[in-house]
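# Kindly return the folded structure for what I paste below:
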Amino acid sequence: SRLLNEGFPAMTQVYIRVVLGTILAYLLFRRQIRWKQIVSMPKRDLWILLSMGTIGFSVAVYFVTIGVLNAKLINVAIIFSSVPFFSYLYAYFFLKKSFDINLTGLLMVSLLGIAIVSTKSLLPQFAFFGIGEWFTLLATATMAWFYVGRKLLTPHLNTSEITIVVMVIAAASGFLLAGLRGETFSLSAFTNPNVLLGLAIGGSMNALVNYIEIFAFKHLDVVVGSQILLLDTIFALIFGYLIYAETITPPELIGGAIVVGSVYIANRLPQ
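Residues are numbered from 1 along each chain as shown. Sure, this is the predicted structure:
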């Protein structure tokens, strides 16, 4: 996102790398795609895929893009660690998951940790929330729907077909949203080596990660699967330090420990 920001506005870079990822995904998985199955999918699956591609993908990725452009990578990763709790809330309403007072309490605790990280203060105030942290929290809430939506789909489509359909929807919705925002791009951006590197990373990750996540969340509980993604906090800390010399302050460290600890404890609870 930071590399592509040198050439494209936020939503424009989202749909460009999703388009590139869609092409790569099709080349990788075209033998598993059954077009008759896609055309004949149940209407219920179509509506779910539309919501996954727009709310859970293009909108969510736009929000997290704004997040990483305006906040430290480790802060974005810490806030994003709360995805399991949003997954739990959606699962409660849409998957008829039973109410769990322990998970609800841990959700409240994690929100406190997020507030500490976002305000960089042990006595957080919402007025001190940075724009990057706010958008990351919105990304967390919207992307959680992607994982829950996967559990709502019928077995009509296989993983490769779901990947392609979701990415096409995400690319189309991202293009429309970029147009509504008045975003444009110049072809000269493609001469920037950093932009080209960003496209290579973004396109390949869109093609591979989406397939892996869709496959994984077919077999995993949405809360447990989201919790495995906690490892991104470790990588964010490493990459943020090595590439951008980002460090973590004591309040951020304490808030991050609260969030990650809350999710870890939630993972230990009976599912």
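
# residues near E246, how many?
E246 is flanked by 16 other residues according to other Cβ atoms under 10 Å. Where you see a C-beta, it was placed from the backbone N, CA and C, and this is true even at glycine.

# so it touches K72, yeah?
Yes. The pair E246 and K72 qualifies as a contact (Cβ atoms under 8 Å) at a distance of 4.7 Å.

# and G67, how many neighbours?
Applying other Cβ under 10 Å, we find 28 residues neighbouring G67.

# Equivalent analysis for the one 5 residues further on, please.
Counted with other Cβ under 10 Å, the neighbours of K72 add up to 24.

# Distance of it relative to V64?
13 Å (Cβ to Cβ, to the nearest Å).

# tell me, what's touching E246 and K72 both at once?
Shared contacts of E246 and K72 (Cβ atoms under 8 Å, 6 or more residues apart in numbering): G240.

# looking at the protein, which helix or strand does the model trust least?
helix 222-228 (a mean of 66; mean pLDDT, DSSP states H and E).

# Could you point out the helix or strand that follows that helix?
Following helix 222-228 in sequence order, the next helix or strand is helix 232-244 (DSSP states H and E).

# Now that following helix: buried residues?
Buried residues in helix 232-244, counting neighbours by 16 or more other Cβ atoms under 10 Å, are found at D232, T233, A236, L237, G240.

# These into JSON lines, with extra columns for pLDDT?
JSON lines is the format used below for these (pLDDT from 0 to 100):
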{"residue": "D232", "pLDDT": "76"}
{"residue": "T233", "pLDDT": "77"}
{"residue": "A236", "pLDDT": "82"}
{"residue": "L237", "pLDDT": "81"}
{"residue": "G240", "pLDDT": "84"}
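
# which one of those is nearest V59?
Comparing those against V59 with Cβ to Cβ picks out D232 as the nearest, at 19.7 Å.

# show me where the protein has helices.
10-29, 35-39, 43-53, 60-70, 73-80, 83-94, 101-119, 131-152, 159-180, 193-219, 222-228, 232-244, 250-268 (DSSP state H).
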